[in-house]
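> here is a sequence with its predicted model. Questions after.
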Amino acid sequence: MLRIQNLVLPPEGTPEQLKTQAAKVLGVRPDKILGFTPVRQSIDARKKADVHWVMTVDVSLEKEDAVLKRVKSHNVKKRPPQKPYTFPVVTRESTLSPVVVGTGPAGLFAGLCLARAGLRPVRPYSYRQGRRQPYTNPFRGWGLWSHRW
C-alpha cells in the first residue's frame, strides 16, 4: 500500500473526486486503483475564501514499487507497518496512590488507565461555595476510584 498525504478536495468533495486526485498524483488512471482508504482528514479554513479538505489516503495498486519509483512527489510513500499500541507495564514501588487532578476528558481517561493498570487513583477534594466539600464521584460503584466520596 502507498500513502498519499496532502490531497486537497473542496468541502463538497466526493469519494470519486478523491480517487481521481490520488490517481493524478500517482500518474495512473483511476481504474488502476484497486482500493483506497482515507486515513486522515482535516479542514483547512485559514483563508475564508479558500476552505478545503486536506486528506491522507492509503491506496493499493498493482506494481506499487514501479509506481513509487516513477512518482516524484514527496507526499507519496510506502505505508508504514501498523503496530498496535500497548500500555507500559507498571513497575511501581511506591505505596502512595497516584493523584488525578481534574475531571475533564484527560483526567477521566488518566484515572481509567491507572485503574486498569491495577493502581488506585485518588481524586482530591474540591472547594465549592467557600467551604470544603467532597467531590461527587461520577464513577461511584464502578470500582475505578479508591475512596467512596
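Okay, I see it. Numbering: from 1, shown residues only.
> the spatially most central residue of the chain: which element?
Centroid-nearest residue in the chain: residue 40, 8.8 Å away (criterion: Cα atoms, centre = their mean). Assigned by DSSP states H and E, residue 40 falls within strand 35-44.
> quick one: distance of that strand to the chain centre.
12 Å (Cα atoms, centre = their mean, to the nearest Å).
> how near is residue 38 to residue 11?
15 Å (Cβ to Cβ, to the nearest Å). C-beta coordinates here come from the backbone N, C-alpha and C atoms, glycine included.
> looking only at neighbour counts, state which of the two leads.
residue 38 (13 against 9; other Cβ atoms under 10 Å).
> and stretch 97-111, how far apart are its ends?
11 Å (Cα to Cα, to the nearest Å).
> next one, pLDDT for the closest residue to the residue nearest to the centre of the chain other than its chain neighbours please.
Closest residue in space to residue 40, ignoring its immediate chain neighbours: residue 56 at 4.2 Å, by Cβ to Cβ, 6 or more residues apart in numbering. pLDDT for residue 56: 92.
> pull out the buried residues from the helix or strand that residue 56 is a member of.
Per DSSP H and E, residue 56 falls inside strand 52-60. Buried residues in strand 52-60, defined by neighbour count with 16 or more other Cβ atoms under 10 Å: 53, 55, 56, 57, 59.
> before we move on, what about stretch 98-111?
Taking 16+ other Cβ under 10 Å as the criterion, stretch 98-111 shows 98, 100, 103, 108, 110, 111 as buried.
> from the chain's centre, how far out does the strand holding residue 56 sit?
With Cα atoms, centre = their mean, you get 15 Å for strand 52-60.
> contact partners of stretch 43-55?
The contact list for stretch 43-55 (Cβ atoms under 8 Å, 6 or more residues apart in numbering) reads 6, 7, 8, 9, 10, 11, 13, 18, 38, 40, 41, 42.
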